[in-house]
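>>> Sharing a model prediction with you, sequence too.
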Amino acid sequence: PEWLAGDFAVLLEPTDGLVEGGCKGTLRVRVETTGKRAHSARDWLGDNAIHKAAPILDRLAAYEARHAEIDGLLYRECLNAVMIEGGNAGNVIPDACAVIVNFRFAPDRDEAAALAHVREVFDGFDVVLTDSAPGALPGLAHPAAAAFVEAVGAEVAAKDGWTDVARFSAFGVPAVNYGPGDPKLA
């Protein structure tokens with residue numbers, strides 16, 4: 001939109017006074033398992049979908065995250081279970097389970113590459129994309145961004161989360177996060 005047009009944007013995010021360049025992308029998937037319902041007193045008649053989620057959690061626990069250095073800034077990728085859904089009642093073997101997984105990816109990956117990576121990690125399981133948003137490259141080489149960094153005299157770091165910097169970046173407007181406050185509390 002036209003209201004986003006400009007040479008440079010500063011988003012007031014808590015950064016502890018650092019200038020944070022770019023941001024990670026984010027996506028969420030459901031890694032699903034299926035089974036067969038049965039009464040828990042006759043578990044041999046069923047197939048427990050929640051038990052089948054154990055290898056998904058094992059893969060997450062063993063996952064070694066990639067670190068990407070982009071324009072001198074270090075982006076640490078993160079792949080985590082954030083929820084588990086499953087079960088029908090306290091005495092029923094469940095026939096469905098889903099591990100909800102969030103992947104925070106470095107801005108040198110696009111959404112398609114990030115999803116392909118997650119599907120590779122969970123090869124053999126049903127992986128359903130529920131939402132995603134792209135990251136943003138730092139853009140600190142842009143003259144207006146460089147002048148801002150010099151004017152405030154702040155250290156520069158990678159943004160460890162997703163912010164609206166990505167929206168500005170998608171329109172070709174370099175942007176940074178900058179503001180008071182502890183980002184670990186926000």
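Sure, I can see it. Numbers count the residues shown, from 1 in each chain.
>>> switch to C-alpha atoms for all contacts and neighbour counts from now on
Noted.
>>> Could you check the pLDDT of residue 4?
For residue 4, the pLDDT comes out at 55.
>>> and what of residue 166?
93.
>>> again with residue 173
88.
>>> just the one 5 residues further on next, same as before
Reading off the confidence values, residue 178 has pLDDT 93.
>>> show me what contacts it?
10, 11, 12, 13, 14, 15, 17, 18, 19, 20 (C-alpha atoms under 8 Å, 6 or more residues apart in numbering).
>>> what helix or strand is the fourth one on?
What it means is residue 13. Here residue 13, judged by DSSP states H and E, is contained in no helix and no strand.
>>> I figured it hits residue 177, correct?
Yes. With contact defined as C-alpha atoms under 8 Å, residue 13 reaches residue 177; the gap is 5.5 Å.
>>> What segments of the protein are strands?
9-11, 19-21, 25-34, 38-39, 67-70, 73-76, 78-86, 92-93, 96-105, 126-133, 156-158, 175-177 (DSSP state E).
>>> which among the contacts of residue 178 end up buried?
Neighbour counting by 16 or more other C-alpha atoms under 10 Å classes 10, 13, 14, 15, 17, 18, 19, 20 among the contacts of residue 178 as buried.
>>> pLDDT for those - can I get that in JSON lines?
JSON lines is the format used below for those (pLDDT from 0 to 100):
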{"residue": "10", "pLDDT": "91"}
{"residue": "13", "pLDDT": "88"}
{"residue": "14", "pLDDT": "89"}
{"residue": "15", "pLDDT": "91"}
{"residue": "17", "pLDDT": "90"}
{"residue": "18", "pLDDT": "91"}
{"residue": "19", "pLDDT": "93"}
{"residue": "20", "pLDDT": "93"}
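>>> In JSON lines, list those residues along with distance to residue 154.
Below are the buried ones among the contacts of residue 178 laid out as JSON lines (distance: C-alpha to C-alpha, whole Å):
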{"residue": "10", "distance to residue 154": "14"}
{"residue": "13", "distance to residue 154": "15"}
{"residue": "14", "distance to residue 154": "14"}
{"residue": "15", "distance to residue 154": "11"}
{"residue": "17", "distance to residue 154": "7"}
{"residue": "18", "distance to residue 154": "5"}
{"residue": "19", "distance to residue 154": "6"}
{"residue": "20", "distance to residue 154": "10"}
